[in-house]
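Trainee: 3D, please:
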Amino acid sequence: MIIAGVDEVGRGPLAGAVITAAVILKSPIEGLADSKKLTPKKREILSAQIKEQAIAYAFGRAEVEEIDTLNIHHATLLAMKRAVEALSIKPDQVLVDGLHLPKLNIPCQAIVQGDDLIPEISAASILAKVFRDAEMRALDAIYPGYGFAEHKGYSTVAHREALNRLGPCMIHRRSFEQVATLL
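Mentor: From the prediction side, this is the model:
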């Protein structure tokens, strides 16, 4: 049975896209865990290993405009669907971290804390986190002054201070209360 694990990164930030990954592993990779429990260096090492050893992997995303239009929940499910549909191999089953499932024509199962329990979901968590973090570092150069390279768009004190000082930029989620109050 071909199993794809799916996870997301970026539901909570005030800025940037929500990124998802879908991964089909050939065999478990030592050290896989929830990406939030790993150091950035360990995530980078595992990301390269996953890409090298996985049978297939793909990314999905929902842009800020989609998040603001659909809401973060529905945008995340859309990004998950996009990741699974982008896989070069169609899985027999999809295991998703969390409580909610994307609409797919493949059997799906939601697993709470799946990123800690299921190797395929752990791998997806790591790929999505490494991808989004790199993207936020690149966006920091395009939108200087906000500190995206450091906080990755999350609602830190430094980010909120930059928002108050500079106002929202193009990648801020206008439907999120902390951004909407500044508009």
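Trainee: please count neighbours and contacts with C-alpha atoms only from this point.
Mentor: Fine.
Trainee: now do the same contact list for the residue lying farthest from the centre of the chain.
Mentor: Counting by C-alpha atoms, centre = their mean, the extreme residue of the chain relative to its mean C-alpha position is residue 165, 27.8 Å from that point. By C-alpha atoms under 8 Å, 6 or more residues apart in numbering, the contact set of residue 165 is empty.
Trainee: for it, give its distance to residue 158.
Mentor: Taking C-alpha to C-alpha, to the nearest Å as the criterion, residue 165 is separated from residue 158 by 10 Å.
Trainee: over to residue 27?
Mentor: Shown here: residue 27 relative to residue 158, a distance of 41 Å by C-alpha to C-alpha.
Trainee: got it, and residue 2?
Mentor: Residue 2 sits 44 Å away from residue 158 when distances are taken as C-alpha to C-alpha.
Trainee: now do the top helix by length along the chain: which elements does it pack against?
Mentor: Across the chain, the helix with the greatest residue count (assigned by DSSP state H) is helix 119-142. Under the contact criterion of 3 or more C-alpha pairs under 8 Å, 6 or more residues apart in numbering; DSSP states H and E, the helices and strands touching helix 119-142 comprise strand 3-9, strand 18-24, helix 40-53, strand 93-97, helix 114-117, helix 148-151.
Trainee: the ones you listed: which one's closest to residue 71?
Mentor: The closest approach between residue 71 and any of the helices and strands packed on helix 119-142, judged by C-alpha to C-alpha, belongs to strand 18-24 at 11.2 Å.
Trainee: quick one: work out the angle between the closest one and strand 93-97.
Mentor: Angle between the axes of strand 18-24 and strand 93-97 is 140 degrees (criterion: axes from the mean of the first three to the mean of the last three C-alpha atoms, to 10 degrees).
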